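Q: The following block contains a protein sequence and its predicted model.
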Amino acid sequence: MADLLTKPEGDAPEGEAIIATPLWRIRLRLFRRSFARNWKIFAQNKMGLAGLAIIVLFGLMAIAHPIFMATIWDGHEEGGKNVYDPRAGADAVIVEKTVVPDGEITDPTTQIGQTEAALQGTGLVIPEVGTVMTAPLANPAPPVISGVPHPHWLGTDPFGGDILSQLLFGARAAFALGFTAAISSVLIATAVGTVAAYYGGVIDTLLMRLVDLMILIPALPLLIVISGFWDLDLIKLGIVIGVTSGLGGTAIILKSQALSVKVRPFIDAARVAGGSDFRIVLQHITPNVLPLSFLYMMFGVTAAIFIEASLSFLGLLAIDQSWGIMINIAHTQGYTLQGLQVWWLMIPAGASVTLFSAGFFMVARAMDEVVNPRLRAR
């Protein structure tokens, strides 16, 4: 009966059953009450609501892509492939091109650089010079809504790929990467921070020196080196980012929060009552650290998106499609400095990276007021 709260027997009238309330129901009520109170505080922050609206917008974009592929874009086949497929689709003239060293292209209609050829293939194997391969004729098309067999609402890239389809697919990739990195970062940082704060001594020293070491190493150069030895897809990249950031400054901040919880009377009461170290850390310290953990999880999504865009721009990731790869294609094809003449190649992907990251950042700033009462008092 440990999971039930009951009235004392003396308080129950004779013949009346004792009322029992499951603990899970009491906890659910407390959670709902706490959520309602915190949401009221969050809703007062206009920046947080704007950030939440941006996140919802990109969520709808991610959901819309498979729906569009199954309805609006279904049946638009050419060469055995749907021209709106974000990875394999192309609405362009296919020609034979000879692979030449990068920077030595004299005729773009018959020659292709090694890096570009690798991007059109698996992205992992660079073709040898002299290899003949089929490739789309570079010709980015401006946005066309109607009047053509395959309308492209945001135009096409130099290889004939639909920009809108790539943009919507990139939103799915961004959510997968962001949440993988954020969750793994929070789990590691919370575990390291609470264990170091509770045990102290040698364990604290070892964990904090590991954290100091990770802070000393710049994240982006480290990931560039890792990508040279390990083929990073979105999930692997998210885990690596989560590990590097979870063993960074976030662990120190969560340790400080855990130290303030460790000295509270209910921790001593739990210890006197016979609670094990594992139970005290898991059920008493960690729940009081989690609000701050979730705050830094929002910041972690922002960092992960920018890192992915940087690595994709450099061509160091083994992924099919993302916003960073869209920018990479425009850059490798020489359209980076053409500005508004081919705006659909750079601006949609660049704006998506910026807005998506900004949305999570604004939500995190609003959550900071929920977690930190001192900010609400200002």
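A: Perfect, I can see it now.
Q: CA atoms for contacts and neighbours, from now on please.
A: Fine.
Q: Which stretches in the stretch 151-300 of the chain count as helices?
A: Secondary structure of the stretch 151-300 of the chain (DSSP state H, counting those that start in this stretch): helices at 163-199, 201-216, 219-229, 234-246, 249-262, 265-272, 277-280, 286-313.
Q: What mean pLDDT does stretch 281-300 get?
A: Stretch 281-300 carries an average pLDDT of 82.
Q: And stretch 160-176, by the same measure?
A: Per-residue scores along stretch 160-176 average to 91.
Q: I would like the residues contacting that stretch, please.
A: 58-59, 61-65, 83-92, 136, 138-141, 152-157, 234-235, 305, 321-323, 326, 344-345, 348-349 (C-alpha atoms under 8 Å, 6 or more residues apart in numbering).
Q: Report the distance from it to the chain centre.
A: 14 Å (C-alpha atoms, centre = their mean, to the nearest Å).
Q: How about that stretch, which residues are buried there?
A: 160-175 (16 or more other C-alpha atoms under 10 Å).
Q: What is the lengthiest strand in the chain packed up against?
A: Looking across the chain with DSSP state E, the single longest strand is strand 94-100. Judged by 3 or more C-alpha pairs under 8 Å, 6 or more residues apart in numbering; DSSP states H and E, strand 94-100 is in contact with strand 111-113, helix 114-120, strand 132-136.
Q: how much does the last one deviate in direction from strand 94-100?
A: Calculated by axes from the mean of the first three to the mean of the last three C-alpha atoms, to 10 degrees, strand 132-136 forms an angle of 130 degrees with strand 94-100.
Q: so what secondary structure elements neighbour strand 132-136?
A: strand 94-100.
Q: go on, the second one?
A: Taking 3+ C-alpha pairs under 8 Å, 6+ apart as the contact definition, the neighbouring helices and strands of helix 114-120 are strand 94-100.
Q: Who does the strand it packs on pair with, and is each partner parallel or antiparallel?
A: If you go by DSSP bridges, strand 94-100 pairs up with strand 111-113 (parallel), strand 132-136 (antiparallel).
Q: Just the buried residues of the longest strand of the chain, please?
A: For strand 94-100, burial by neighbour count (16+ other C-alpha under 10 Å) applies to 97, 98, 99, 100.
Q: nearest to residue 262, of the helices and strands packed on strand 94-100?
A: Nearest to residue 262 among the helices and strands packed on strand 94-100 is helix 114-120 (52.6 Å), distances taken as C-alpha to C-alpha.
Q: Now do the closest one, average pLDDT.
A: 74.
Q: Centre of the chain to that helix, how far?
A: How far helix 114-120 lies from its chain's middle: 27 Å, per C-alpha atoms, centre = their mean.
Q: ditto for stretch 104-120
A: So, by C-alpha atoms, centre = their mean, the centroid of stretch 104-120 is 32 Å from its chain's centroid.
Q: Please identify the buried residues of it?
A: Buried residues in stretch 104-120, defined by neighbour count with 16+ other C-alpha under 10 Å: 110, 111, 112, 113, 114, 115, 116, 117, 118, 119, 120.
Q: Return the distance of the fourth one relative to residue 311.
A: Okay, so that is residue 113. The gap separating residue 113 from residue 311 is 20 Å, by C-alpha to C-alpha, to the nearest Å.
Q: again, but for the fifth one
A: Between residue 114 and residue 311 the computed distance is 19 Å (C-alpha to C-alpha).
Q: Identify the bridge partners of the nearest residue to residue 88 once chain neighbours are set aside.
A: Nearest non-adjacent residue to residue 88, counting by C-alpha to C-alpha, 6 or more residues apart in numbering: residue 81, 7.1 Å away. When bridges are called by DSSP bridges, residue 81 pairs up with residue 78.
Q: Give me the neighbour count for residue 81.
A: 14 (other C-alpha atoms under 10 Å).
Q: measure the residue nearest to residue 245 when sequence neighbours are not counted to residue 154 for me?
A: Excluding the flanking residues, the one nearest residue 245 by C-alpha to C-alpha, 6+ apart is residue 185, at 6.0 Å. Distance, residue 185 to residue 154, using C-alpha to C-alpha: 35 Å.
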